[in-house]
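S.K.: Next comes the sequence, and after it the predicted model I'd like to discuss.
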Amino acid sequence: MLDEIHATPERVAYLLEHERAGLERALGRFRVERPPLILVAGRGTSDNAAVYGRYLFEHFVGIPVSGAALSLITLYPAPMHLKGALAIGVSQSGESPDVVQALRAARRNGAFTVAITNAPGASLTRMAHHTVLLHARKEKAVAATKTYTAELAAMVMICQAIGGRLEARQVAAIPEALRTALTCDAAIADIAPYFRYAADCICLARGFNFATAREAALKLQETCYIPAEGMSAADFLHGPIAMLDEMIPMMLFAPRGPTMKFMRELARRLRRQGADTIAFTNDDAMARAATYGICCPFEIEEGLSPFPLATLGQLFACHLAVARGLNPDAPRRLTKVTRTL
């Protein structure tokens, strides 16, 4: 798992270079006539990448996004009116039956379909008008790391291809932001053992990093067997804060940007109320506001900050699993490909 996290910058750089031209040709029509809707479909880690895609497309392009309710396609099928829409299916293996079926239904109902997968020739690719290959190479650890980050990059590339207002200079800086995150590996390895007896964990963020909080919680569930929950930091105040307990650590993902003021005030509030907090951020004041702070000096706009922040979350989960005496490469009861309908 650790080796694959460290391989991520190179793989994402390769993806950005080799898939852009074909994607821009395939989606060029949408720069002229925007789709009325974007439908995204994924399960597990891929669903978290789809959540990030929603924030990208709605903010940078201004197109409403719907996350596909896959059971409505596989168990309660009914025709959807998707003429002119863009549908994106995300599956690292390309073999998730419900995601494949969702893309098939979207295409049949008039959508232009795009597959995001790490497997050329997979079932998902046969349902798509165009495929974005992740080029992440084989991922041996069960918990997805480099493939998840590559999925985020694919979402960014689709956003650019349909006219999203993302600066090319910022997108080109993503691999370097990932390399910067990896420089925090030793610091995270030092902090992780303090949390080895945690029975629960709550991961919080807002905006673009809502997906990061969800994905960090999933990684803790998979590799550390902690019943972690990832949620919006704003939603946390609307009820779940009642669960606050000094035995439940809080992970906060807080890059500089519009969400920073809220997250910094939340960190201070949680600390006053006795919670142990760990902040992953590029802001010194935010790091100081938490019990433990990982201040990573990445320089990238907030809309792209899930790249380094997801990497920090992956490193934390990996080191915490080892501190708990677990093997993060082979979580119990899990296989690399999960098939659901």
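M.R.: Looks like it came in fine. Residues are numbered from 1 along each chain as shown.
S.K.: Please, where are all the strands along this protein?
M.R.: Per DSSP state E, the chain has strands spanning 38-41, 65-67, 86-90, 112-117, 130-133, 202-205, 229-232, 250-254, 277-281, 292-295. These are given in chain order.
S.K.: and Ala154, how far is that from Leu270?
M.R.: From Ala154 over to Leu270 the distance is 34 Å, taken as Cβ to Cβ, to the nearest Å. Backbone N, C-alpha and C define where each C-beta goes, glycine included.
S.K.: Ser96 too?
M.R.: When distances are taken as Cβ to Cβ, Ser96 and Leu270 turn out to be 36 Å apart.
S.K.: Between these two, which has more neighbouring residues?
M.R.: More neighbours sit around Ser96 than around the other of Ser96 and Leu270, counting by other Cβ atoms under 10 Å; the figures are 28 against 24.
S.K.: thinking again about what came up before, need the strands of the chain in TSV (columns: mean pLDDT and mean neighbour count).
M.R.: Conversion of these to TSV gives the following (pLDDT from 0 to 100; neighbours: other Cβ atoms under 10 Å):
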stretch	mean pLDDT	mean neighbour count
strand 38-41	97	27
strand 65-67	95	16
strand 86-90	98	30
strand 112-117	98	26
strand 130-133	98	22
strand 202-205	97	28
strand 229-232	96	20
strand 250-254	97	28
strand 277-281	97	27
strand 292-295	97	20
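S.K.: For those strands, could you give me CSV that also reports distance to Glu302?
M.R.: Rendered in CSV, the data for these read as follows (distance: least, Cβ to Cβ, whole Å):
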stretch, distance to Glu302
strand 38-41, 21
strand 65-67, 18
strand 86-90, 22
strand 112-117, 23
strand 130-133, 24
strand 202-205, 11
strand 229-232, 15
strand 250-254, 10
strand 277-281, 11
strand 292-295, 16
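S.K.: tell me the contacts of Ile73?
M.R.: Contacts of Ile73 were listed using Cβ atoms under 8 Å, 6 or more residues apart in numbering, and they are Asp98, Gln101, Ala102, Ala105.
S.K.: Report the contact partners of the residue nearest to Glu33 when sequence neighbours are not counted.
M.R.: Distances taken as Cβ to Cβ, 6 or more residues apart in numbering place Gly84 nearest to Glu33, at 7.8 Å, with adjacent residues excluded. For Gly84, the contacting residues are Glu33, Pro35, Pro36, Gly110, Ala111, by Cβ under 8 Å, 6+ apart.
S.K.: Can you give the contact residues for stretch 173-192?
M.R.: The contact list for stretch 173-192, computed with Cβ under 8 Å, 6+ apart, reads 2, 5-6, 8-10, 12-13, 16, 149, 153, 156, 278, 292, 294, 296-300, 304-305, 307-309, 311-312, 315-316, 319-320, 322-323.
S.K.: Now the buried members of those residues.
M.R.: With burial judged by 16 or more other Cβ atoms under 10 Å, the buried subset of these is 2, 5-6, 8-10, 12-13, 16, 149, 153, 156, 278, 292, 294, 296, 298, 300, 304-305, 307-309, 311-312, 315-316, 319-320, 322-323.
S.K.: Low-confidence ranges, the chain, go.
M.R.: For the chain, the stretches flagged by pLDDT under 70 are 334-341.
S.K.: which residue is nearest the middle of it?
M.R.: In the chain, the residue lying closest to the centroid (Cα atoms, centre = their mean) is Ala49, at 4.1 Å.
S.K.: hmm, back to that, neighbour-wise, which of the contacts of Ile73 leads?
M.R.: When neighbours are taken as other Cβ under 10 Å, the top entry among those is Ala102 (30 neighbours).
S.K.: Can you give me the distance of the residue nearest to that one when sequence neighbours are not counted to His6?
M.R.: Ranked by Cβ to Cβ, 6+ apart and with sequence neighbours excluded, the top spatial neighbour of Ala102 is Ala41, at 4.1 Å. Note on Ala41: its distance to His6, by Cβ to Cβ, is 30 Å.
S.K.: Over to Gln273?
M.R.: For Gln273, the distance to His6 equals 37 Å [Cβ to Cβ].
S.K.: Ends of stretch 280-291, what's the gap?
M.R.: Across its full length, stretch 280-291 reaches 11 Å end to end, with Cα to Cα, to the nearest Å as the criterion.
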